[in-house]
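Engineer: Sequence and predicted structure are below.
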Amino acid sequence: MMGMQLVLKAALRGLDMFLEEDMDVKMVLLPDGDDPDSFLKKVGTDDFLSFINKEAKDFVLFKTDKLLEEIGNDPVKRTHVIKDIVESIAKIPDSIKRSLYIQSCSNLLQVDEQILIAETNKKVQSNYKKANSSNRAEQAPSDNWPTEEYEQLVENQSNLQQQQLISKNHDIVVENYIAKLLVLFSSKPFDAKSSIMEYVLQNIEDILEEIEDKVCKKIIDLSIEKYAHSETLDTHYFLYHNDPEVSRISAEYCAVIDDYSPNWPDDLRSQKMPDENFVKDTEYAVNFFRRKKIEKVIKKNQERLKTIEDPKDLELALKVAMKLKAIHSELSKKLNTVIT
């Protein structure tokens, strides 16, 4: 009997690899003393197939039941079982399927669903980082990128931070932070009249065409779509979205919910953590975002001024330049006073 238990445990561990391939795995326990061949000979093909169809159980749920049977009421062992199941669920690439397993296993394990979501997201992020590091290790670094810095980034930084540090593109950093605020805090109140989502979208709608990062643009577009239909948004919507890019970066945002943006100004780091300070954080981020985009528009307008010959067009462009400068000045004042 002990030998069968060991075989079963080994099988449970080994079958995790099929989850990574997005296969629907089912388990069947044959009667004691039987293997598939002996059982087939004993009962015949029809009864064998009938038994399989009747007794087959989803692998993740089967594994959860079996592990729970062994631990009784031991809280330490239960913790290990929960972590084991989270490991299995995190291997599943399909975000919708992960969501359904989390709901089912939350009931079986008697654990709050939000806790399982958070732990699964951490593991998904960890798995992604490992895979990303492995892929990078197989590729030769660019001639323009020092080897030591490259290796240090792979070793120490999350995928999102790597993107930010490597690109050194402040616009992308700010766009990521705006997207992060929408993913994490959309439904939270900004003030008595509006939510975080409403405040953000109302204040960036006139500069949406300036957004460069395609995944951030997807998150903002999804938010606009919900907003247009007067629908609320929450983190769950983004985490389990059928677009893998959206669900992946949302998991990254959730994995670093208790940290500041790596490029956030030092004076802002003296404030509360972002999840405790999201109203002021949102106001600062939106103003910072608007100023960065206004700076790009100012630059474009300056280039136009160099080529304009018609006096009327020149006068109009100068008025635009003055208006843009006034907006930029006002945003700069807000950025200096919004955090006190």
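Structural biologist: Everything's here; your move. In this text, all values refer to a predicted model and were calculated from it rather than measured experimentally.
Engineer: show me where the stretch 1-150 of the chain has strands.
Structural biologist: 26-27, 57-58 (DSSP state E, counting those that start in this stretch).
Engineer: Show me what the helix or strand encompassing residue 221 packs onto, helices and strands only.
Structural biologist: Residue 221 is part of helix 214-228 when elements are defined by DSSP states H and E. Secondary-structure packing of helix 214-228 (3 or more C-beta pairs under 8 Å, 6 or more residues apart in numbering; DSSP states H and E): helix 170-185, helix 196-204, helix 235-239, helix 244-255. Quick note: C-beta positions are derived from backbone N, CA and C, even for glycine.
Engineer: buried set for the last one?
Structural biologist: When you say that, I think you mean helix 244-255. 246-255 (16 or more other C-beta atoms under 10 Å).
Engineer: again with the second one
Structural biologist: Neighbour-count burial for helix 196-204, with 16+ other C-beta under 10 Å as criterion, is recorded at 196-201, 203-204.
Engineer: can you list those in TSV and add distance to residue 74 and pLDDT?
Structural biologist: Putting these into TSV (distance: C-beta to C-beta, whole Å; pLDDT from 0 to 100) gives the following:
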residue	distance to residue 74	pLDDT
196	42	90
197	44	90
198	48	90
199	48	90
200	47	90
201	49	89
203	53	86
204	52	84
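Engineer: Which one of the residues you listed is nearest to residue 230?
Structural biologist: residue 198 (10.4 Å; C-beta to C-beta).
Engineer: residue contacts, that closest one?
Structural biologist: 190, 227 (C-beta atoms under 8 Å, 6 or more residues apart in numbering).
Engineer: Just list whatever residues bridge to residue 58.
Structural biologist: Going by DSSP bridges, residue 58 is paired in beta bridges with residue 26.
Engineer: Verify the stated contact: it with residue 19.
Structural biologist: No: counting by C-beta atoms under 8 Å, residue 58 stays clear of residue 19, with 10.9 Å between them.
Engineer: quick one: low-confidence ranges for the stretch 101-250 of the chain?
Structural biologist: 128-170 (pLDDT under 70).
Engineer: Now with 80, please.
Structural biologist: 124-173, 206-207, 209-210, 228-230 (pLDDT under 80).
Engineer: returning to that earlier point: columns distance to residue 34 on top of the helices and strands packed on helix 214-228, output as a markdown table?
Structural biologist: Below are the helices and strands packed on helix 214-228 laid out as a markdown table (distance: least, C-beta to C-beta, whole Å):
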| stretch | distance to residue 34 |
| --- | --- |
| helix 170-185 | 51 |
| helix 196-204 | 58 |
| helix 235-239 | 43 |
| helix 244-255 | 42 |
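Engineer: Out of those, flag the one nearest residue 115.
Structural biologist: Closest among the helices and strands packed on helix 214-228, using C-beta to C-beta: helix 244-255, at 12.7 Å.
Engineer: For that closest one, name the packing helices and strands.
Structural biologist: helix 113-138, helix 159-167, helix 170-185, helix 214-228, helix 235-239.
Engineer: Pop the domain breakdown of this protein in here.
Structural biologist: 2-117, 157-337 (automatic domain parsing).
Engineer: Pick the most buried one from those.
Structural biologist: domain 157-337 (a mean of 16; mean count of other C-beta atoms under 10 Å).
Engineer: Let's see the pLDDT reported for residue 269.
Structural biologist: Residue 269 is assigned 46 on the pLDDT scale.
Engineer: Then residue 254?
Structural biologist: For residue 254, the model assigns a pLDDT of 80.
Engineer: what's the spacing between it and residue 213?
Structural biologist: With distances taken as C-beta to C-beta, to the nearest Å, residue 254 is found 18 Å from residue 213.
Engineer: wait, which of the helices and strands packed on helix 214-228 is closest to residue 48?
Structural biologist: Of all those, helix 244-255 comes closest under C-beta to C-beta, at 39.1 Å.
Engineer: would you put the C-alpha positions of the closest one in CSV?
Structural biologist: Taking Å, rounded to 0.1, in the frame of the first residue of the first chain, the C-alpha atoms of helix 244-255 are listed here in CSV:
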residue,chain,number,x,y,z
PRO,A,244,-2.1,37.1,-23.0
GLU,A,245,-0.2,40.3,-23.1
VAL,A,246,-2.7,42.1,-20.9
SER,A,247,-3.0,39.2,-18.4
ARG,A,248,0.8,38.9,-18.3
ILE,A,249,1.6,42.5,-17.6
SER,A,250,-1.3,42.7,-15.1
ALA,A,251,0.3,39.8,-13.2
GLU,A,252,3.5,41.8,-13.1
TYR,A,253,1.8,44.9,-11.8
CYS,A,254,0.2,42.8,-9.1
ALA,A,255,3.5,41.2,-8.2
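Engineer: Many thanks, have a good one.
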